[in-house]
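*Asks:* Sharing a model that was predicted from the sequence below.
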Amino acid sequence: MLTITGADAIHIDGSTEYAGDLHLSGAVVAAVPVHGETLDATGCVVTPGLVNAHHHLLQTAFRTLPGTRGVPMATWLPTMAAAYTDAGIDPDLCHTAAAAGLAEALLSGVTTVADHHLTWPSGADTVGMAEATVAAARELGARLVFVRGTARDDPQEAALSAEAIAAALVPGRVGGISDDGMLQLAVGPAGVHSDSPETFRLLGEVANRLDLRRRTQANEQVDVAIALEKYGKRPIDLLEEWGWLAPDVTLAHLCDVTDDEIRRLAPSGITATHAPGCDLPMGWGIAPVAALRAAGVVVGLGTSGGGSNDAGHLLADARLAMQVAPLVGPPLSARDVLGLATEGSAAGLGRPELGHLRPGAAADLCVWDVSGVADAGVADPVAGLLWASPGRRPRHVVVAGRVVVRDYQLVSSDERDIVAKLTARVGR
Ligand SMILES: [Zn+2]
């Protein structure tokens, strides 16, 4: 039992906000007041925990690498691949990088991370790598969606690995979700520019058999260019042919989409992930979020990983999303974008209990102190969360009813130890 007391504003969801208290009953938001421990939220705004719909946690160990910024994809890929080979991708590195990425997530208000793991050296201990990532999440108290991705992997090997990971992590669980909801498994090829129809087909079969969500990346400009060159078709046409335009599929990026494609995407039931913090520096364009939403596509928000976006700070990217929206259509409001970063991302994961604070919701929330000088003069503290104080961190973070960040510090781990381990492992 935990009660958040005296908040200036509690953002329950896109339509309900009030000042006062919020009661938690175990791992869920209570429908009636409960009495137990209290967490003071005076001078604070309370929001649902943010849901990062697109991350590559491994890349946390490879941020700002020389040769990976301001370069074409054809240069970026081999530079990253060489760094991976140098470092040696194994369960230990997966754990160390995920611990840093997930600690950063919690400390910046992200309670759920969808980790698209795309790097699987042939013959690697793939189950061990997945288990190591999951262990990092459990140690910190973060909710994790582990996406067994591929990037030019052997299709058969990838499908067998996905099955083995499912058997190890979420054996027999409906939707690939653990009983406590802290872990979910999904599958996700990097994109049609990278993976073969065979990979999409085999991973689709695994997802269908085990009831897993499917996730991929589409319509970054480079994806469109390679698809046209390789197949003479655009990615959306290929995904449709390959059976990957469906309600269980989430497409990240969608920068270079035509009006006709936007009209076709909504009835297919797919969801989308906007990742401006990656798309802008990579020169991939800006997804027309307002047009996608107007057509009926549910859109979430993701940061992508340290290979393209050096910060896993979703609220900072929410601000960026608002800043760039008017360049490609109507502006997005702060509450629109907060909706992307919470319920929008959760919808793409098939997790209706995440991303809002209505009674019965997962008790994942952030307490943001808005009493400092960076928020002085702010008339609307919820809009101010996104517009004012870039890079802000929450004072407290609760996941499944458990306080995991208290007074800006991780509760169960020492941030400095996590950094020291990563530094020792990769030498930076
Ligand atoms: Zn990505």
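*Replies:* Okay, I see it.
*Asks:* Going by C-alpha atoms from here, please, whenever you check contacts or count neighbours.
*Replies:* OK.
*Asks:* what comes into contact with the one helix or strand Leu315 maps to?
*Replies:* In this structure, Leu315 sits in helix 314-324 according to DSSP states H and E. Around helix 314-324, the neighbours that count as contacts under C-alpha atoms under 8 Å, 6 or more residues apart in numbering are 50, 52, 105, 108-110, 275-277, 286, 301-303, 331-334, 337-338, 341, 386-387, 390-392.
*Asks:* do that again at 6 Å, thanks
*Replies:* For helix 314-324, the surrounding residues in contact (C-alpha atoms under 6 Å, 6 or more residues apart in numbering) are Gly277, Leu332, Val337, Leu386, Gly391.
*Asks:* Next, the buried residues of that helix.
*Replies:* When burial is assessed from 16 or more other C-alpha atoms under 10 Å, helix 314-324 yields the following buried residues: Leu314, Leu315, Ala316, Asp317, Ala318, Arg319, Leu320, Ala321, Met322, Val324.
*Asks:* Low-confidence bits of this structure, can you list those?
*Replies:* Segments of the chain classed as low confidence (criterion: pLDDT under 70) are not present in this model.
*Asks:* Not counting stretch 246-258 itself, show me its contacts.
*Replies:* For stretch 246-258, contacts defined as C-alpha under 6 Å, 6+ apart pick out 213-221, 268-275, 285-287, 348.
*Asks:* Endpoints of that stretch, how far apart?
*Replies:* Using C-alpha to C-alpha, to the nearest Å, the end-to-end distance of stretch 246-258 comes to 19 Å.
*Asks:* hmm, back to that, between the buried residues of helix 314-324, which is closest to His117?
*Replies:* Using C-alpha to C-alpha, the shortest approach to His117 within the buried residues of helix 314-324 belongs to Leu314, at 18.4 Å.
*Asks:* quick one: the top helix by length along the chain to helix 314-324, angle?
*Replies:* When the chain is scanned for its longest helix (criterion: DSSP state H), the result is helix 91-107. With axes from the mean of the first three to the mean of the last three C-alpha atoms, to 10 degrees applied, the angle from helix 91-107 to helix 314-324 works out at 70 degrees.
*Asks:* Check which helices and strands helix 91-107 is in contact with.
*Replies:* For helix 91-107, the elements it packs on are helix 126-140, judged by 3 or more C-alpha pairs under 6 Å, 6 or more residues apart in numbering; DSSP states H and E.
*Asks:* now do 8 Å
*Replies:* Here helix 91-107 touches strand 110-117, helix 126-140, strand 402-406, strand 409-410, helix 415-426, going by 3 or more C-alpha pairs under 8 Å, 6 or more residues apart in numbering; DSSP states H and E.
*Asks:* neighbouring strands for the shortest one, and are they parallel or not?
*Replies:* In other words, strand 409-410. When pairs are called by DSSP bridges, strand 409-410 turns out to pair with strand 402-406 (antiparallel).
*Asks:* How far does the partner strand sit from its chain's centre?
*Replies:* Once both centres are worked out by C-alpha atoms, centre = their mean, to the nearest Å, strand 402-406 turns out to sit 20 Å from its chain's centre.
*Asks:* what does stretch 342-352 give?
*Replies:* Computed by C-alpha atoms, centre = their mean, the separation of stretch 342-352 from the middle of its chain amounts to 10 Å.
*Asks:* Just the CA coordinates for it, please, in CSV.
*Replies:* Once non-C-alpha atoms are left out, stretch 342-352 reads as follows in CSV (Å, rounded to 0.1, in the frame of the first residue of the first chain):
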residue,chain,number,x,y,z
THR,A,342,2.5,6.7,-22.3
GLU,A,343,-0.7,5.1,-23.7
GLY,A,344,0.4,5.3,-27.3
SER,A,345,3.6,3.3,-26.6
ALA,A,346,1.6,0.9,-24.3
ALA,A,347,-1.0,0.2,-27.0
GLY,A,348,1.7,-0.9,-29.4
LEU,A,349,2.9,-3.4,-26.8
GLY,A,350,-0.7,-4.7,-26.3
ARG,A,351,-0.5,-3.6,-22.7
PRO,A,352,-3.7,-1.7,-21.8
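*Asks:* for that stretch, which positions count as buried?
*Replies:* Applying a neighbour-count criterion of 16+ other C-alpha under 10 Å, the buried positions in stretch 342-352 are Thr342, Glu343, Gly344, Ser345, Ala346, Ala347, Gly348, Leu349, Gly350, Arg351.
*Asks:* Can I get the residues you listed in TSV including secondary structure and distance to Trp244?
*Replies:* Written out in TSV, the entries for these read as follows (DSSP: H, G, I helix; E, B strand; the rest coil; distance: C-alpha to C-alpha, whole Å):
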residue	secondary structure	distance to Trp244
Thr342	helix	24
Glu343	helix	22
Gly344	helix	20
Ser345	helix	19
Ala346	helix	19
Ala347	helix	17
Gly348	helix	14
Leu349	coil	15
Gly350	coil	16
Arg351	coil	20
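*Asks:* what's the first-to-last distance across stretch 58-67?
*Replies:* First-to-last distance for stretch 58-67 - C-alpha to C-alpha - comes to 18 Å.
*Asks:* likewise stretch 206-214?
*Replies:* Looking at stretch 206-214, the gap from its leading to its trailing residue is 10 Å under the measure C-alpha to C-alpha.
*Asks:* what's next to stretch 388-406, contact-wise?
*Replies:* Here stretch 388-406 makes contact (C-alpha under 8 Å, 6+ apart) with 1-2, 24-28, 49, 106-109, 111, 140-143, 313, 315-316, 319, 362-369, 374-375, 407-408, 410-412.
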